[in-house]
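A.B. asks: build the 3D model from these lines:
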Amino acid sequence: LRDVYKRQILDGASLVTAEPQLVGAPSLGAAAMRGLLNHSHQNFSAIDAVTPGARAVCGKAMAFGPAALEELPKLLGCIGEDLELARLLHARGARVELASARAQVPQQAITLAAAFSRVTRWMLVLRAHRPGLWPFVPVLFACTLPLTVLAMALGSPVMGALAATLVTARVALAVVLGRTLSATWEWALGEVLLLAGFLATVGRRTVEWRGRTLRVLPGGRILVMAASPGGET
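C.D. replies: Numbers count the residues shown, from 1 in each chain. Sure thing, here's the model as predicted:
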């Protein structure tokens, strides 16, 4: 992966980000995170293919060119520094690219509660940095469950057929991204997790992170409210 980064930076990219491929960890929380990032529309390859404007980036797997390094000092005190960096580079016409290879990310076993806290934090960051995209999470990225339940409640053959088509398309995407049918149950768990994380951010402005309670301000700036009893979630 390092050689891939180097080649793309030398070819003129200002920032290169890799799609994380989560592996390992036999726990429900880890499976939900794999389903979300490996097999759903939150997969970085899928997001990169459909995102207009500033690119979607993974802050844990990036390589920086000169333009990106120039922008880094502006990100002090910003909770979504990866998203903000992509926005700043896009504004100056610099190239942000997805790496041509995946980043293998070994997982630790985590609980569903820990995974839920993590995704909730991501949704708060998304709302701060991409306020126009946040409302569309249940429509574009976590819509299978609510639309299927709606179709069942209405009892409409047309709605039922549309819901079945959506489920088939989502399962097909999960298989393509995961290259295995066994990924489908993890995809379903990941999509439920994403929807739950989104709903938890409605009306919420604070997040627990690294032992502190932070208030997330517009633009992703953070205000430290207090120390919290727990560690990073």
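A.B. asks: how about the helices in this protein?
C.D. replies: Assigned by DSSP state H, the helices in the chain fall at 2-10, 28-34, 44-50, 66-71, 81-91, 112-129, 144-154, 157-178, 183-201.
A.B. asks: what mean pLDDT would you report for the fifth one?
C.D. replies: Spelled out, that is helix 81-91. What helix 81-91 shows for mean pLDDT is 91.
A.B. asks: quick one: buried residues of that helix?
C.D. replies: Glu81, Asp82, Leu83, Glu84, Leu85, Ala86, Arg87, Leu88, Leu89, His90 (16 or more other Cβ atoms under 10 Å). For glycine as for every other residue, the C-beta is placed from the backbone atoms N, C-alpha and C.
A.B. asks: with distance to Ala172 added, can I get those residues in TSV?
C.D. replies: Shown next, in TSV, are the buried residues of helix 81-91 (distance: Cβ to Cβ, whole Å):
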residue	distance to Ala172
Glu81	34
Asp82	29
Leu83	29
Glu84	34
Leu85	33
Ala86	29
Arg87	32
Leu88	36
Leu89	33
His90	31
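A.B. asks: and the most centrally placed residue in the chain, how far is that from Phe198?
C.D. replies: With distances taken as Cα atoms, centre = their mean, Gln42 lies nearest the centre of the chain, 5.2 Å away. Separation of Gln42 from Phe198 (Cβ to Cβ, to the nearest Å): 11 Å.
A.B. asks: picking up where we left off before, so the residue nearest to the centre of the chain touches Leu140, yeah?
C.D. replies: No: using Cβ atoms under 8 Å, Gln42 is not in contact with Leu140; the gap is 10.2 Å.
A.B. asks: lowest-scoring secondary structure element of this structure by mean pLDDT?
C.D. replies: Within the chain, no helix or strand scores below strand 222-227, which has a mean of 78 by mean pLDDT, DSSP states H and E.
A.B. asks: residues near the closest residue in space to Leu88 that isn't next to it in sequence, how many?
C.D. replies: Excluding the flanking residues, the one nearest Leu88 by Cβ to Cβ, 6 or more residues apart in numbering is Glu71, at 4.7 Å. Neighbours of Glu71 under the rule other Cβ atoms under 10 Å: 21.
A.B. asks: Glu71: what's it in contact with?
C.D. replies: Neighbour list for Glu71: Leu85, Leu88, Leu89 [criterion: Cβ atoms under 8 Å, 6 or more residues apart in numbering].
A.B. asks: and stretch 212-219, how far out from the chain's middle?
C.D. replies: 18 Å (Cα atoms, centre = their mean, to the nearest Å).
A.B. asks: can you list contacts of it?
C.D. replies: Residues contacting stretch 212-219 (Cβ under 8 Å, 6+ apart): 78-79, 84, 124-125, 127-129, 131, 205-208, 222-228.
A.B. asks: give me the buried subset of those.
C.D. replies: Buried among the contacts of stretch 212-219 (16+ other Cβ under 10 Å): Cys78, Ile79, Glu84, Leu124, Val125, Arg127, Ala128, His129, Val207, Glu208, Ile222, Ser228.
A.B. asks: in this protein, which ranges drop under the pLDDT threshold?
C.D. replies: Counting by pLDDT under 70, the chain shows low-confidence ranges at 178-182, 226-233.
A.B. asks: which non-adjacent residue is nearest Met62?
C.D. replies: That would be Thr17: by Cβ to Cβ, 6+ apart, it lies 4.9 Å from Met62.
A.B. asks: count of neighbours near that neighbour?
C.D. replies: Counted by other Cβ under 10 Å, the residues lying close to Thr17 total 26.
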